[in-house]
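Student: Fold the following and give me the result.
(chains A and B)
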Amino acid sequence: GENVEQHPSTLSVQEGDSAVIKCTYSDSASNYFPWYKQELGKRPQLIIDIRSNVGEKKDQRIAVTLNKTAKHFSLHITETQPEDSAVYFCATLSGGANNLFFGTGTRLTVIP
Amino acid sequence: GAGVSQSPSNKVTEKGKDVELRCDPISGHTALYWYRQSLGQGLEFLIYFQGNSAPDKSGLPSDRFSAERTGGSVSTLTIQRTQQEDSAVYLCASSLDISNQPQHFGDGTRLSIL
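Tutor: Residues are numbered from 1 along each chain as shown, chains lettered A, B, ... in the order given. Have a look, this model is predicted:
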């Protein structure tokens, strides 16, 4: 089955700096890669996703890049703000299954 | 409704009891998924339903876990003879259909087994 690894597990940045979170996956048939943000005690919320036919997608301060050859994808947050502090999860959807496989999460802290 | 609705939001029960958790997906979404999130961990897939097709139960951790989806809408996750290791947040998600992501999550049920 799919194996998703996420790094780092914790990340602290100064407000205004950029944050980068990376995930690797094992199943070359994976074709959909969402990122979720989860604040304490709240539901995971989709913040951006990318499909395997594109290499990069951007939405304001958030971008995701995908390297299918190397089987890794990354979340980039620019001009970080305190409200970006949360746990971020990457996930993959394999072509052979229909459920998401999640990384173990990155706790991002943005220091004012 | 506007989003995925789960109930109860919290459930505390004694070891050995059965529990039922409910999920009401977004109206019109034919795919429904159950995940489990243990403290400080990622989400672990349990089961999904697509319309009236037989569910994919490949993620259920033991035969004490079962789920139903009646009428292609509301789903119930049942855990029989609960154990302490069942303590977790149980999250439900729905999507338009299996091939039509993304998945939208509910607030979850926090289950505590004493």
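Student: With adjacent residues omitted, what lies nearest to residue A:108?
Tutor: Nearest residue to residue A:108 in three dimensions, chain neighbours excluded: residue A:11, at 5.0 Å (C-beta to C-beta, 6 or more residues apart in numbering or on different chains). Glycine gets a C-beta too; all of them are placed from N, C-alpha and C.
Student: residue contacts, the one you found?
Tutor: In this structure, residue A:11 makes contact with A:19, A:21, A:106, A:107, A:108, A:109, judged by C-beta atoms under 8 Å, 6 or more residues apart in numbering or on different chains.
Student: you'd agree it is in a strand?
Tutor: Yes: counting by DSSP: H, G, I helix; E, B strand; the rest coil, residue A:11 is located in a strand.
Student: I'd like the distance between it and residue B:84.
Tutor: In this view, residue A:11 and residue B:84 are 32 Å apart by C-beta to C-beta, to the nearest Å.
Student: Look up how far chain B lies from the closest residue to residue A:28 other than its chain neighbours.
Tutor: Spatial nearest neighbour of residue A:28, excluding adjacent residues (C-beta to C-beta, 6+ apart): residue A:71 at 6.7 Å. Distance of residue A:71 to chain B, computed by C-beta to the nearest C-beta, to the nearest Å: 18 Å.
Student: Would you tell me whether the lowest-mean-pLDDT helix or strand in chain B gets close to chain A?
Tutor: The least trusted helix or strand in chain B, going by mean pLDDT, DSSP states H and E, turns out to be strand B:43-50, with a mean of 92. Yes: Strand B:43-50 comes into contact with chain A (C-beta under 8 Å from any C-beta of the partner chain), by way of B:43, B:44, B:45, B:48, B:50.
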